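Student: sequence isn't available, so here's the structure alone:
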């Protein structure tokens, strides 16, 4: 009886892992729609300074998500197990985060991080188009290249700092995130 239950649980876990890429696709698709809609509707009628702030916020969200994904990927459950036995707030959530690190890291790094980068690039093009709508096609082309390059540079710079931070302080990053998550579990 117990052996059949174990076999069934293993099969369910395997099925869940095999369905993950399809689930990830739908999460990415939905998130891309929401972020693109938000960025496009936000840009219309907003002052340029606010549009740039929204652009920088999206870049920042991508960097933070990438940092968290990296921290989750390298953490282990051991430290949090001892903390959970002492009933330290956020320890149980940290255990759940680390045990699901494969999916959560994929969501943070690949889905949120990459979509934020793509949306930021599209926002950059929209900002340039708005700024230089009366300029010649050649200058708009040049400004698009420059702003896209600047956005890419900022994103890569931020993610490089985030990865180094995640490698040095993964425990703190995961535990602080778990504390935040614990507030939602109440």
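Tutor: Right, received. Where do you want to start? In this text, all values refer to a predicted model and were calculated from it rather than measured experimentally. Numbers count the residues shown, from 1 in each chain.
Student: can we go C-alpha only for contacts and neighbour counts from here?
Tutor: Fine.
Student: show me where pLDDT drops low in the chain?
Tutor: For the chain, the stretches with pLDDT under 70 are 1-17, 39, 42, 134-136, 186.
Student: mind listing the helices for it?
Tutor: 2-43, 48-74, 78-85, 91-99, 101-105, 114-131, 137-185 (DSSP state H).
Student: remind me what the longest one packs against, helices and strands.
Tutor: Under the contact definition 3 or more Cα pairs under 8 Å, 6 or more residues apart in numbering; DSSP states H and E, helix 137-185 sits against helix 48-74, helix 91-99, helix 114-131.
Student: make TSV out of these and add mean neighbour count and distance to residue 156.
Tutor: TSV is the format used below for these (neighbours: other Cα atoms under 10 Å; distance: least, Cα to Cα, whole Å):
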stretch	mean neighbour count	distance to residue 156
helix 48-74	21	8
helix 91-99	22	25
helix 114-131	20	10
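Student: got JSON lines for those, with distance to residue 81 too?
Tutor: As requested, the helices and strands packed on helix 137-185 are exported to JSON lines (distance: least, Cα to Cα, whole Å):
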{"stretch": "helix 48-74", "distance to residue 81": "15"}
{"stretch": "helix 91-99", "distance to residue 81": "7"}
{"stretch": "helix 114-131", "distance to residue 81": "32"}
